[in-house]
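> My questions are about this predicted structure, shown below with the sequence.
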Amino acid sequence: MSYKFATKAIHAGQEADPTTGAVMTPIYQTSTYKQASPGDHKGYEYSRGTNPTRKALEDCLAALENGRFGLAFASGMAATDTVLRLLKPGDEVVTGDDLYGGSYRIFTKVYEQYGIRFVFVNTADAEEVRAAITPKTKLIWIETPSNPTLKLTDIKAVGDIAKENKVLYVVDNTFASPYLQNPLDLGADIVMHSATKYLNGHSDVVMGALILNDEDLYKQLWFYYNAVGGTPGPQDAFLALRGLKTLHVRMKAHCENAHKIAAFLKDHPKVDKIYWPGFTDHPGHEIAKKQMRDFGGMISIVLKGADLQETFRIASRFKVFTLAESLGGVESLINHPATMTHGSIPKEIRESVGVVDNLLRLSVGIEDVDDLIADLEQVLA
């Protein structure tokens, strides 16, 4: 039977415990498993490779992204690293010019030294992606919406280009979550998440995930997953699984609050520029309408006439929003990308795509929206 999103979020991959009937998936706090004889076991040998709590989470994640296979990692960067291990020296990757700082760092500071070349383009223009592909291109990696300027990439258009060129295609779906868009349905080979963010939703777990459909590709990724060992413990898997049960209601609230806050900020005299795909004048608005179910809970603003010191002063005066890295939790966060999440990107490169010193990124939480707007009012006064 085919179930809808909310039902999958609460039940997919999760059966009552066969031993006790426990409704919640137990935390299997074990490193190893008894075997009747060598190789004769119940599907579990050692918890680096597979753990029942983590398996329930992985199955639930796969269901939410309309995929067949899920892999959970100790962080989003561990998930990213595992995909990059599919590459060889001399391979090329086409990726976005507006990218999470941690992704930029692992691409340029870790994998470039092994002879892998990364080509940064405006993925919102599918023809720029096409033009960047060479016979050495083995991977296209995009974020949509992007971090932090919320650039929209047409997932299907880039997917068609990837298929034409027989190139592996990865979509970082962290900002949208599977509640708002499902890249596998639009042509992606792998969906990546920093599950720390909306999937867990409570700022108490660091975790990553990969979801896909191709069994051979899954086996390749599982080999590195197990061999390298960047897997999460069962306690974190339990917490993330618990978070998923409310993903649908949380995302509705994030989106509703963001709608109202974006409207408040759009014409505020202290705001020079606002990035939010729900506005009809956002360059990616029509793409967002086509491939997303709503416009998300992330908003970025550029403060009018503010230098770095003034931006710091404003960022430090919030009372309900918390100045902190990360996003996607139930609490509202304010972030200064230039010195926080994107501090690893050279100044001239980040500024060329709009990540300027007076840009602030808002992760709109699910508090009472009137309190959030009042907080913004007092800060921007």
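Happy to help now that I have it.
> For the residue nearest the centre of the chain, give me its contacts.
The centroid of the chain falls nearest to residue 174 when counting by Cα atoms, centre = their mean (1.7 Å). Residues near residue 174 by Cβ atoms under 8 Å, 6 or more residues apart in numbering: 76, 100, 143, 147, 192-194, 197-198, 328. Heads up, the C-betas are built off the backbone N, CA and C, glycines and all.
> what's the span of stretch 136-151, first residue to last?
The first residue of stretch 136-151 is 26 Å away from its last residue (Cα to Cα, to the nearest Å).
> Figure out how far that stretch is from the centre of its chain.
11 Å (Cα atoms, centre = their mean, to the nearest Å).
> before we move on, what about stretch 345-361?
The chain centre lies 20 Å from the centre of stretch 345-361; the measure is Cα atoms, centre = their mean.
> one step back: nearest to residue 232, out of the contacts of residue 174: which one, please.
residue 76 (11.3 Å; Cβ to Cβ).
> Residue 198 is in contact with that closest one, correct?
No - Residue 76 lies out of contact with residue 198 (Cβ atoms under 8 Å); the separation is 11.9 Å.
> just to revisit the earlier point, quick check, nearest of the contacts of residue 174 to residue 36?
Among the contacts of residue 174, and counting by Cβ to Cβ, the member closest to residue 36 is residue 193, at 36.7 Å.
> Can I take it that that closest one is in a strand?
Yes - Residue 193: assigned to a strand according to DSSP: H, G, I helix; E, B strand; the rest coil.
> Contacts for the worst-scoring helix or strand of the chain on mean pLDDT next, please.
Least confident helix or strand of the chain, by mean pLDDT, DSSP states H and E, is helix 347-352 with a mean of 92. Applying Cβ under 8 Å, 6+ apart, the contact partners of helix 347-352 are 97, 337-338, 342, 356.
> got CSV for those, with secondary structure, neighbour count and distance to residue 152 too?
Formatted as CSV, the contacts of helix 347-352 follow (DSSP: H, G, I helix; E, B strand; the rest coil; neighbours: other Cβ atoms under 10 Å; distance: Cβ to Cβ, whole Å):
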residue, secondary structure, neighbour count, distance to residue 152
97, coil, 20, 14
337, coil, 24, 18
338, coil, 22, 22
342, coil, 25, 19
356, coil, 20, 20
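> So which of those residues sits lowest on pLDDT?
Within the contacts of helix 347-352, the minimum per-residue pLDDT falls on residue 342 (91).
> and the closest residue in space to that one that isn't next to it in sequence, what does it touch?
Closest residue in space to residue 342, ignoring its immediate chain neighbours: residue 101 at 3.8 Å, by Cβ to Cβ, 6 or more residues apart in numbering. Residue 101 makes contact with 337, 341-345, according to Cβ under 8 Å, 6+ apart.
> what's the pLDDT at residue 101?
93.
> What of residue 19?
For residue 19, pLDDT reads 86.
> Give me the secondary structure label for it.
Relying on three-state DSSP, one would call residue 19 coil.
> what's the single longest helix in the chain?
helix 247-266 (DSSP state H).
> That one: which residues count as buried?
Buried residues in helix 247-266, counting neighbours by 16 or more other Cβ atoms under 10 Å, are found at 247-248, 250-251, 253-255, 257-259, 261-262, 264-265.
> Does residue 66 touch residue 186 like I think?
No - using Cβ under 8 Å, residue 66 is not in contact with residue 186; the gap is 10.3 Å.
> what residues are up against the residue nearest to the residue nearest to the centre of the chain when sequence neighbours are not counted?
Distance criterion Cβ to Cβ, 6+ apart; nearest residue to residue 174, sequence neighbours excluded, is residue 194 at 4.6 Å. Residue 194 makes contact with 75-76, 79, 172, 174, 207-208 under the criterion Cβ under 8 Å, 6+ apart.
> Perfect, I'm done here.
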